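**Student:** what follows is a predicted protein model with its sequence.
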Amino acid sequence: MKNKEIVVISGKGGTGKTSVTASLAFLAGNEAVIADCDVDAADMHLLLMPDLAHSEEFFSGQTASINNALCTNCGLCQSICRFKAISNSNDNYVINKIDCEGCGYCARICPSGAIKMEDSHTGSLHISNSRMNNTLVHAELQIAAENSGKLVTKVRQEAKRIAKETNTEYIIIDGSPGIGCPVVASITGTSFVVIVTEPTVSGYHDLSRISELVKKFNIKMGCVINKSDLNTQLTYQIKEFLISNNIELLTELPYDNVFTKAITAGKTVVEYATKSVIETNLAKCWDKIKIGVQ
Amino acid sequence: MNIIFAVQNNDGWDSIISLKYGRAKGFFCYSQETDELTYYSNEENQNAGHGAGINAAQIAINQKASVVITGGSMGPKAFEVLNKANIKMFTQAGEVSVLVAYSNFKDNKYNQVLASDK
Amino acid sequence: MKIAIASGKGGTGKTTLSTNLAAYISETISNDSNGQVVLVDLDVEEPNSGLFIKGDILKDEYKYRATPVWDSNKCTLCGECKTICNFNAIAQLPNTILIFSELCHSCFACSELCPEQALPMVDKRMGVLKHYQQAGNLPNNDKLTFIESRLDIGEISAVPLIKQTIEYVEDNFSDEIIKIFDSPPGTSCPVIETIKDADFVILVTEPTPFGLHDLKLAVETVKELGREFAIVINRYGIGDNGVEQYCLENNIQIIGKIPNMRQAASLYSQGELLYDKIPAIKEQLVLIYQAINRINR
């Protein structure tokens, strides 16, 4: 069976992307492996309540460190560092780890070999069993670490491996925000992209930027308009935009504090608001995605 | 002629072709002249923040390869480097063994990739 | 005085607070002669403040960073540059050196260590900075300056552009002027760049478990950088009291609670400012401004 990867993205934050993804995870149950690629703000585990069955540390890039016993205080390193990461305090040269970009220039030119490059710890990766009868692959980024596409790629790789081993048809990915490298790493090679948007000027603006990006990858797109009754005129404009860009309207959800209430209760919105229009619409949405992905 | 296979594991001719190129676990280089199959680990490169494709392409260039075979995709940067180095790329192998991929390649079952798929 | 407005999670209301606070301050200081406030949008990947604050453009300039270019006449193809580059930005072909400038971090190592000086550094465009004066949609608008930078698509790091934008602001406005930085979301490099030299950081959060989870990460980051900070709770009234509990336990000051109102969401959706239409929100801005003034003294 070929696995089908479905990724949920939004451009800007706060549109309800994670609430929608967690709901899809609940609706899919053991039909799917879940991957949280929103590593900057990995929140899905708060709703899926995983058991952290397996964790591993993750390294990416390098940071310089000075051995003061070898250092002759020549100051060459400080003079060539373009990131102002080397300073001198009490006649000792020190590297500011936060400013160091890991270029290795200082280590290369240090005449006394006092500077070494060390792998920097950038995060941890977890593979867990969620309370929804599926596996969740998630990660957390170390503070001040660079969110390159690498940790995202690793999360997806693990999810894919598990889906293969357990013969699971779908992989549902909570994608990264923005339009940069991490989001590219979350959507490349997927079968279907779900964009969660809202009828606000910034939501609409980000929808057009993000769909432009997805188009380059030639992947089928569907859209969820959250809070659609907040600004009916903009919702109308978004729908026009979807039609002219060949993006399927998956569903519309009303502005409702129940989203927040569900999060507060540690539940997905489909579990919390049973028999509501939100539950019905999200269930239909999942059905449409399953058809769309074929 | 030297042929590079992107692989998921280090198991000689039985190794499985990798769907990815830049972040493949490793590469086998097969020399038709000497009939030698040599493994090159790419694990360090799997951990590169950016530019994994460029580094992986460099491995192919260093081994004087004429052909690169992967299972599914080729990133834009790897494509650019390999293309400029006149190395032919084939990306439709799927997850088969190196042996199967090589025989398919010899039987002209793959089409050469002429543009990056990204 | 530099005030960075940040949050762990996206969509908590950073831009809402930044734009409304800047506009409100510009209004209150309009009577004394030299007062001024500068709003700077440093979320260079997705600058959104400009949707709420409009003005006349005063200056518009491209921003550049240095990357190497290959001089084929001088190069002996020794391959040293490829070995030096820690960012995989250089590939060596049989007769060519290929440079991927979007991966270059401008460390100058390859250029300065090249034995043949065959890799001179040349400026490459990375984005554009726009400087607006007299925000046009506000009544007392001559006290508010708005600056935004936008990263070119395809550039992978926002950090150099953020750095140069802050430098621009520091060169053009004296220290005592209040500068409000609208930060990017998250806790990674771009945010660090925005808050590491700020005099005061305001962390915006939501009173939900998601908000709290991401707030904790943001608090750790700010503490690591040794910055003075306080919390503003947005959409106050929904969710639970987890954030308040956390702040109490950790002795963190909450300087404002912006109420959750559908009217606010609706005005935001139309690109409108809130404080001039919703008195309950203006009241909170008054409190936040008072807190800022306490720090400033």
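**Tutor:** It's in.

**Student:** list the helices and strands the strand or helix carrying residue A:205 packs on?
**Tutor:** Taking DSSP states H and E as the definition, one finds residue A:205 inside helix A:201-216. On a contact count with 3 or more C-beta pairs under 8 Å, 6 or more residues apart in numbering or on different chains; DSSP states H and E, helix A:201-216 meets helix A:181-187, strand A:192-197, strand A:220-225, helix A:232-244. Just so you know, the C-beta spots here come from the backbone N, C-alpha and C atoms, and that holds for glycine as well.

**Student:** just the angle between it and strand A:220-225, please?
**Tutor:** Per axes from the mean of the first three to the mean of the last three C-alpha atoms, to 10 degrees, the angle that helix A:201-216 makes with strand A:220-225 is 170 degrees.

**Student:** what sits up against helix A:201-216?
**Tutor:** Helix A:201-216 is contacted by residues A:9-12, A:15, A:179, A:183-184, A:187, A:193, A:195, A:197, A:221, A:223, A:234, A:237-238, A:241, A:245, A:247, B:118, C:15, C:46, C:48, C:51, C:269-271 when judged by C-beta atoms under 8 Å, 6 or more residues apart in numbering or on different chains.

**Student:** rewinding a little: among the helices and strands packed on helix A:201-216, which is nearest residue C:245?
**Tutor:** strand A:192-197 (29.7 Å; C-beta to C-beta).

**Student:** which elements pack onto the closest one?
**Tutor:** Right, strand A:192-197 is packed against strand A:4-9, helix A:17-28, helix A:201-216, strand A:220-225, helix A:277-292 by 3+ C-beta pairs under 8 Å, 6+ apart.

**Student:** domain assignment for the chain?
**Tutor:** Went with chain A since none was named. A:4-49+A:130-292, A:60-121 (automatic domain parsing).

**Student:** actually chain C
**Tutor:** Taken from automatic domain parsing, chain C resolves into C:2-64+C:134-296, C:70-119.

**Student:** select, out of those domains, the one closest to residue A:95.
**Tutor:** The minimum distance between residue A:95 and the domains of chain C falls on domain C:70-119, with 14.1 Å, by C-beta to C-beta.

**Student:** pull the CA atoms of the helix holding residue A:205 into PDB?
**Tutor:** Taking Å, rounded to 0.1, in the frame of the first residue of the first chain, the C-alpha atoms of helix A:201-216 are listed here in PDB:
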ATOM      1  CA  VAL A 201      -6.900  40.800   5.900                       C
ATOM      2  CA  SER A 202      -3.800  39.000   7.200                       C
ATOM      3  CA  GLY A 203      -5.400  35.600   6.800                       C
ATOM      4  CA  TYR A 204      -6.300  36.300   3.200                       C
ATOM      5  CA  HIS A 205      -2.900  37.800   2.500                       C
ATOM      6  CA  ASP A 206      -1.100  34.700   3.800                       C
ATOM      7  CA  LEU A 207      -3.500  32.300   2.000                       C
ATOM      8  CA  SER A 208      -2.500  33.800  -1.300                       C
ATOM      9  CA  ARG A 209       1.300  33.700  -0.400                       C
ATOM     10  CA  ILE A 210       1.200  30.100   0.800                       C
ATOM     11  CA  SER A 211      -1.000  28.800  -2.100                       C
ATOM     12  CA  GLU A 212       1.500  30.400  -4.500                       C
ATOM     13  CA  LEU A 213       4.200  28.300  -2.800                       C
ATOM     14  CA  VAL A 214       2.300  25.100  -2.900                       C
ATOM     15  CA  LYS A 215       1.500  25.500  -6.600                       C
ATOM     16  CA  LYS A 216       5.200  25.300  -7.400                       C
END
